[in-house]
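S.K.: Sequence first, then the predicted structure, then my questions.
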Amino acid sequence: MKMVFEKAPLSFELLRVAGSAVWKGADIGECLSAAYAMHEDDLETWYAEWFKTAERLHAFADECLEAGLVVSARETYLRTANYYRASEFYLHGNPKDPRIRELSDKSMHCFAEAIRLSELAIEPISIPYEDTTLPGYFYRATHAGERGPTLIVQTGFDGTIVELHGYALEALERGINCLAFEGPGQGRVIHEQGLPFRPDWEKVITPVVDYALTIPEVDPQKIALMGISFGGYLAPRAAAFEPRIK
């Protein structure tokens, strides 16, 4: 399937962003507007057009918030976070590019604002991990103090917690709590903490499960683990060594 671009990687990444529209993480018109302004042979235009779109929407979200238009602000911040994430995708060829950290910070600021303005029971969490912490969010589907099934969801090589929001919302719709997090090699953990991937992923998931079990609403007999993209390789490895994953 091709969308705007002839080159498969660009088409795939555009579909990836546009597909987020199902959970309001993108708007098809905004995606097409940005894509048609890009040049396939110049990846800098991929960065530039997504960044331009994100900056414009970021300003609009701020205006909405100042005017007390909470729903519009929340939805715009969410799309903006995803567009900032998309803009840095093809910068990964040079991990030292300072724009990667800048875009990551902007994306997470907008995502945090969207979560703060949400009417759902979502709270930021810090998971103890070795001599540091891992960032995440806990989405509560059950009533306070009432135990229920919990899905732990993780991203892969180039994703961030922004895209995990869609999976968490689907869990909530089904009465399932969700703990979304970024681990070594992912999102803020690589950008800010400099922690790379590790093959023994159970060493990451075990502390995450430990943390989950401190949450009163988590049923210890009903914990699942889901990995997206490269996370789909890491998850079975972790489950093989962590028996509390059911």
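M.R.: Nice, thanks for sending it over. Because the structure is a prediction, the values reported are computed rather than measured.

S.K.: Could you check the pLDDT of A144?
M.R.: On the pLDDT scale, A144 is placed at 78.

S.K.: my bad, G93
M.R.: The per-residue pLDDT of G93 was computed as 86.

S.K.: can you tell me the helix or strand for it?
M.R.: Using DSSP states H and E, G93 sits within no helix or strand.

S.K.: Let me know how buried it is, in neighbour terms.
M.R.: 7 (other CB atoms under 10 Å). The way it works is simple: take the backbone N, C-alpha and C, and place the C-beta from them, glycine included.

S.K.: do Y137 as well
M.R.: Using other CB under 10 Å, Y137 has 19 neighbouring residues.

S.K.: phi, psi of it?
M.R.: phi -140, psi 140 (degrees, to the nearest 10).

S.K.: and the longest helix for this structure?
M.R.: Assignment by DSSP state H gives helix 43-66 as the longest helix of the chain.

S.K.: Could you give the average pLDDT over that one?
M.R.: Helix 43-66 shows a mean pLDDT of 98.

S.K.: Put the alpha carbons of that helix into CSV.
M.R.: Extracted C-alpha coordinates of helix 43-66, given in CSV (Å, rounded to 0.1, in the frame of the first residue of the first chain):
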residue,chain,number,x,y,z
LEU,A,43,14.4,13.6,4.4
GLU,A,44,15.0,17.0,5.9
THR,A,45,11.6,18.0,4.5
TRP,A,46,10.1,15.1,6.5
TYR,A,47,11.4,16.8,9.7
ALA,A,48,10.6,20.3,8.5
GLU,A,49,7.0,19.7,7.6
TRP,A,50,6.0,17.7,10.7
PHE,A,51,7.8,20.2,12.8
LYS,A,52,6.0,23.1,11.2
THR,A,53,2.7,21.4,11.7
ALA,A,54,3.5,20.6,15.3
GLU,A,55,4.6,24.1,16.1
ARG,A,56,1.5,25.6,14.6
LEU,A,57,-0.8,23.3,16.5
HIS,A,58,1.2,23.7,19.7
ALA,A,59,0.5,27.4,19.6
PHE,A,60,-3.2,26.7,18.9
ALA,A,61,-3.4,24.3,21.8
ASP,A,62,-1.9,26.9,24.1
GLU,A,63,-4.4,29.5,22.9
CYS,A,64,-7.3,27.0,23.5
LEU,A,65,-6.1,26.3,27.0
GLU,A,66,-5.8,30.0,27.9
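
S.K.: Show me what the helix or strand just after it is packed against.
M.R.: Heading C-terminal from helix 43-66, the first helix or strand you meet, by DSSP H and E, is helix 70-87. When contacts are defined as 3 or more CB pairs under 8 Å, 6 or more residues apart in numbering; DSSP states H and E, helix 70-87 packs onto helix 8-18, helix 28-35, helix 43-66, helix 98-116, helix 161-173.

S.K.: I'd like these laid out as JSON lines, including mean neighbour count and distance to R244.
M.R.: Converted to JSON lines, these look like this (neighbours: other CB atoms under 10 Å; distance: least, CB to CB, whole Å):
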{"stretch": "helix 8-18", "mean neighbour count": "17", "distance to R244": "32"}
{"stretch": "helix 28-35", "mean neighbour count": "17", "distance to R244": "40"}
{"stretch": "helix 43-66", "mean neighbour count": "18", "distance to R244": "39"}
{"stretch": "helix 98-116", "mean neighbour count": "18", "distance to R244": "27"}
{"stretch": "helix 161-173", "mean neighbour count": "21", "distance to R244": "18"}
